[in-house]
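Novice: My questions concern the predicted model and sequence given below.
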Amino acid sequence: QVQLVESGGGSVQAGGSLRLSCKASGYTYRRYCMGWFRQTPGKEREGVATIHNDGTTTYADFVKGRFTISKDNAKNTLYLQMNSLKPEDTAMYYCAADLRWCHLQPQYNYWGQGTQVTVSS
């Protein structure tokens, strides 16, 4: 059974940084596309960044140049380094995994429980 557990969320002032982690277990980690998504109350979940099993990355325009997605295959862990945070980045952040595709639409099979990020002005 695929399990994804996020950590690293918290509260930070605008301009600050956070690093999110997603520990994966229960499957062949290297074969999957992994992604970060976020959601605020009343809004649809949106894609933030993805990383293909070959290391190719994709970013939403609103985080380009500020966020970096990476993974450590030896640790089965996905990361999201978030710099220059803005109040509009406040959201619940989720990691996700899927074998079928690798894109920013939230159509993934497996999801973590989420970690809250709050950015104050």
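Specialist: Perfect, thanks for sending it. Quick caveat: nothing in here was measured; it's all calculated off a predicted structure.
Novice: Settle this for me: Thr40 is touching Met92, isn't it.
Specialist: Yes. Contact status for Thr40 versus Met92: in contact at 7.4 Å, counting by Cβ atoms under 8 Å. For glycine as for every other residue, the C-beta is placed from the backbone atoms N, C-alpha and C.
Novice: out of the two, which sits in the more crowded spot?
Specialist: Met92 (18 against 13; other Cβ atoms under 10 Å).
Novice: C-terminal to the helix or strand hosting that one, what's the next element?
Specialist: Under the criterion of DSSP states H and E, Met92 resides in strand 91-98. Per DSSP H and E, strand 91-98 leads on to strand 110-111 as the next helix or strand towards the C-terminus.
Novice: Was I right to think Ala14 contacts Thr90?
Specialist: No. If you go by Cβ under 8 Å, Ala14 and Thr90 don't touch, sitting 10.1 Å apart.
Novice: Give the residues shared as contacts by those two.
Specialist: Residues touching both Ala14 and Thr90 by Cβ atoms under 8 Å, 6 or more residues apart in numbering: Val119.
Novice: list the buried ones in stretch 31-42?
Specialist: For stretch 31-42, burial by neighbour count (16 or more other Cβ atoms under 10 Å) applies to 32-38.
Novice: quick one: which of the residues you listed is nearest to Thr77?
Specialist: Met34 (9.8 Å; Cβ to Cβ).
Novice: Give me the nearest residue to that closest one, chain neighbours excluded.
Specialist: Leu78 (4.7 Å; Cβ to Cβ, 6 or more residues apart in numbering).
Novice: For the one you found, give the beta-bridge partners.
Specialist: Counting by DSSP bridges, Leu78 forms beta bridges with Cys22, Lys71.
Novice: what do you get for Cys33?
Specialist: Going by DSSP bridges, Cys33 forms beta bridges with Asp98.
Novice: so what's the residue nearest to the spatial centre of the chain scoring on pLDDT?
Specialist: By Cα atoms, centre = their mean, the chain has its centre lying nearest to Trp36, at 2.2 Å. Note on Trp36: pLDDT of 98.
Novice: Against Tyr59, how distant is it?
Specialist: 10 Å (Cβ to Cβ, to the nearest Å).
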